[in-house]
Structure formats: C-alpha cells, structure tokens
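J.: Sequence and predicted structure below; questions after.
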Amino acid sequence: TRPAQKGKKGKKPGGQPGHKGTTLKMVPSAEAKIEDHYPKACSGCGADLSGQPISEGTLDNMLSEACCQLDSFSEQIIKRFQQEEVAGFDETGMRAQGQAYAHVASGSAHTYFFLGKRGYATMDEMGILPRFKGIAVHDRYANYFGYDCQHSLCNAHLLRNLQAVIDEHNDYWARQLQELLRNINKAVKRAKAQGKEAFSASHCAQYRQRYMTWVNQGLKLHPAVKGEGTKGPPKQSKTHNLLTALKDYASEVLRFLYDFRVPFDNNRAERDIRMLKVKMKISGFFHRIETGNRFLRIRAFLSTATKQGYSAFEALKILFTGQTEPFVLKLVWGA
C-alpha cells in the first residue's frame, strides 16, 4: 500500500488526533413517516389512473414517443443556430458507454444538446459549428478554434484563472488585470444602459493598451522555460501558459468590448448544461449514447420552451397532443 501523504508541516491530511468532529445525525426511524399519494384521475382529460401502474417500460415508451415527435425540432434548431449572430458553446463529461461528453449550443431563446465524444467528429456530427459564421463564446478548449467563425473567450473562466495565480503567487499584475476586466464590463453595461451601440476606436485602444501592459508585466515575471539539452519543447508553467493565451487571444478576450452583442462570460451555456449534471447525480449514467441523445433532445426542447416563457408542463402537454409541428416552428423561427 502507498504511504499516507503528508503536508508541508509533516501532518497527515484531514482531522488531527484529538480533534472533536461533528457529523449529521440520523433521524430515529420511529419519527420517520412516508405517505404515498396516487392520483385517481388525470386532471386534464379525466382518464382513470387508479389501476394504471407506471412501469419502466411505459416510461421508456413515452420517452420514445416524445423523441420521435421532436425530429423536426432537431432539424430546425440546428439550422436556426447556424444563423445565430452570437451563441455560447460548452461541454461536460458524462457516463455513457464509458466516458462521453454532452455538448451544448446556447442562445438567448434556444438550446441544443448532443452527446458523443469530445473531439471534432462529435462536434461535426452535432451539425452547428461546421456552418456557423457568427461569434462563438466558449472557454479555451482548442477544438473550438478549429472552426471558421469569430471567437470570444469566457471572462468568468479567465477571472478564476487569474485568481488561481493570485492565490499561488500573489502577483500584482493578476490583480490589476482582474480589476481591469471587471471595470471594462461595468463600462460596457453603462454604455448599453445609455443606449450606446459601441465605444469609439480610441476608447477601445486605450483599454487594450492597459490590458497588454499587465499581460506583458506578467510575462516578465513568468518567462518561457528554455529546454537546454532536452528532447522536445519544455513543459511551461500554468501561469506562463495562461499569459501566453491572454496575449495571443487578446482580441477574443476583449470581444465583448468591441462588440456589444457579445456577453462578458459564457454563463448562459453553463446554466443550460447544469441540469445535465443533476441528471448524472440522480441516474449516474446512460446505457447507450443513443439513449442519452434521446434524453438530450427532449431536454433541449424544454429548455428552449422555458426560455420563451412556456412552462415545462405546458410544453410536454403540447408534445403529446399532436400540436408539436406548429409549436416547434413558433419556438425556432417565431412563426
């Protein structure tokens, strides 16, 4: 067995001997009370529900029926996203036939999900980014840059990256860069509230100059490591790699400054994908990729509907009452 790791002071991680811990206590079983409530009839159509147990097979059939009703939705929403001016993209790991990734395309009024692997093959199969010509908001995952569109980096991610530098090195440039990004965001919000559509070129140039000043100061403190006598490029520090990205992708970091349509962060896509993590906590995994995509198609439909002011129950009722096609056209195109 491996020896227990010790910290800088030679102590084992966790509570130390003599430390009085606290834990949640179980409620005595005698005090617990469970009551089952079963509806006797459907509140909508009045159908008798008293003798109809819902089995796993019944639920599976319902999901299959709902998914089939949404074939048109998937086709239409992909075309809709291909024409978006700005859209957020993100991905998260999920368990389905091993390790899989759920990809999301997120707009202010639309959502689309797709489950597969993390690379280009799945992103191409999803069908949005290969023909997308708008502005893609995302983190620094390299594959996004392989698509021929404009890019904008999520500044919420960068603020967290800068905080990690502050926590580790307490660097002044990182604090100043954090403050600058937040101040630019406040300035953009004020300008929007005043009805402005853009800053002047000189105003943008001043902000960018200040941005580059702090990035270059950081690079002086964290220069590239030279690999003398080693094979291949030497491994650089995380801080140097961050600074290199901040320099090389300065336009993408500051896209929200140049174009007021672009959000400061990618929080909308992250909020859309959060429900999938809840799903994983409940069920743990999907048996197959196809099963996962069936769930994600329905989830995309519900997310799109709720973004446009419909309740999930209302959207599901429409889905099972044969009115899906006109409702889908209304959701996707506003027809």
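T.: Happy to help now that I have it.

J.: Let me know the next secondary structure element after whichever strand or helix holds Gly292.
T.: In this structure, Gly292 sits in helix 289-307 according to DSSP states H and E. Remark: after helix 289-307, the chain's next helix or strand is helix 312-319, criterion DSSP H and E.

J.: quick one: the helix or strand following that next one to helix 312-319, angle?
T.: Once the chain leaves helix 312-319, the next helix or strand it forms, by DSSP H and E, is helix 324-333. Helix 324-333 runs at 130 degrees relative to helix 312-319, counting by axes from the mean of the first three to the mean of the last three CA atoms, to 10 degrees.

J.: Next, the buried residues of the helix holding Gly292.
T.: Buried positions in helix 289-307, judged by neighbour count with 16 or more other CB atoms under 10 Å: 289, 291-305, 307. Heads up, the C-betas are built off the backbone N, CA and C, glycines and all.

J.: just stretch 137-147 next, same as before
T.: Applying 16+ other CB under 10 Å to stretch 137-147 flags 137-140, 144, 147 as buried.

J.: got it, and stretch 69-76?
T.: Neighbour counts over stretch 69-76 (16+ other CB under 10 Å) mark 69-70, 73-74, 76 as buried.

J.: Settle this for me: Leu276 is touching Phe113, isn't it.
T.: Yes: between Leu276 and Phe113 there is a contact at 7.4 Å, judged by CB atoms under 8 Å.

J.: Please say which of these two ends up with more neighbours.
T.: Neighbours were counted for Leu276 and for Phe113 using other CB atoms under 10 Å; Phe113 has more, 25 against 20.

J.: Now the more buried one: phi and psi?
T.: Torsion angles at Phe113 (phi, psi; degrees, to the nearest 10) stand at phi -120, psi 160.

J.: And the pLDDT at it?
T.: On the pLDDT scale, Phe113 is placed at 98.

J.: Renumber starting at 13 from here on
T.: In the new numbering, first residue 13, that becomes Phe125.

J.: Tell me the pLDDT of the residue most central in space within the chain.
T.: Compute the mean C-alpha point of the chain, and by CA atoms, centre = their mean the closest residue is Glu282, 2.7 Å away. We have a pLDDT of 95 for Glu282.

J.: host element of it?
T.: Judged by DSSP H and E, Glu282 forms part of helix 279-295.
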